[in-house]
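[1] Okay, predicted coordinates and the sequence, questions at the end:
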Amino acid sequence: MALIAVSIAVTDPTNVTGALEAVGASGANLVEWRVDTLATDEAGRRACRSLVEASPLPCILTCRLAEEGGAYTGDEADRIELIESLVTAGVVPRYLDIEAVAWHRDDGLREAVGRLLDAGECGLVLST
């Protein structure tokens, strides 16, 4: 079974509604929320939780490191905090996309992702 995904970058934590509306006309089966710039503070993490919770389609949550082609330049602790905030709120994306290089080098990241995978029906995408 093939799935068609639309990737939507959300850079403004106050524009969650606009991002959600953009999905409607896409014809996709899955939406990838690119939240590269939102993981560094609570307003951004709250926006990420809102995107996942209100997503009109099953979603992939991606916060891609700049060194791996994304726009995230914060430290790993902030990305871990984003994942932990999802677990705490009980808001689970269908998939979480993490770079394989980050997965292999950071025990804390693996532990946080494990808690998210245990919290609901969430799959893990390891990108190279």
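    Received it, and whenever you're ready, just let me know what you need.
[2] Residues contacting the helix or strand containing residue 115, please?
    Assigned by DSSP states H and E, residue 115 belongs to helix 107-119. Contact with helix 107-119 is made by 76-77, 79-80, 83-84, 86-87, 90, 92, 96, 98, 102-103, 122-124, as judged by CB atoms under 8 Å, 6 or more residues apart in numbering. From N, CA and C alone the C-beta is placed, and that goes for glycine too.
[3] list the buried ones in that helix?
    109, 112-113, 116, 119 (16 or more other CB atoms under 10 Å).
[4] Looking at these, spot the one nearest residue 30.
    residue 116 (17.8 Å; CB to CB).
[5] Mind pulling up the pLDDT for the closest one?
    Predicted confidence (pLDDT) for residue 116: 97.
[6] how far away is it from residue 7?
    20 Å (CB to CB, to the nearest Å).
[7] Kindly report the same for residue 111.
    27 Å.
[8] lowest-pLDDT helix or strand in the chain?
    helix 16-23 (a mean of 79; mean pLDDT, DSSP states H and E).
[9] what sits up against that helix?
    Contacts with helix 16-23, where a contact means CB under 8 Å, 6+ apart, come from 6, 8, 10, 31, 33, 47, 50-51, 54-57.
[10] if we go to 7 Å?
    With contact meaning CB atoms under 7 Å, 6 or more residues apart in numbering, helix 16-23 is reached by 6, 8, 10, 31, 47, 50-51, 54, 56-57.
[11] These, buried ones only, as a ChimeraX selection?
    Of the contacts of helix 16-23, the buried ones go into a single ChimeraX selection, burial set by 16+ other CB under 10 Å:
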select :8,10,31,47,50,51,57
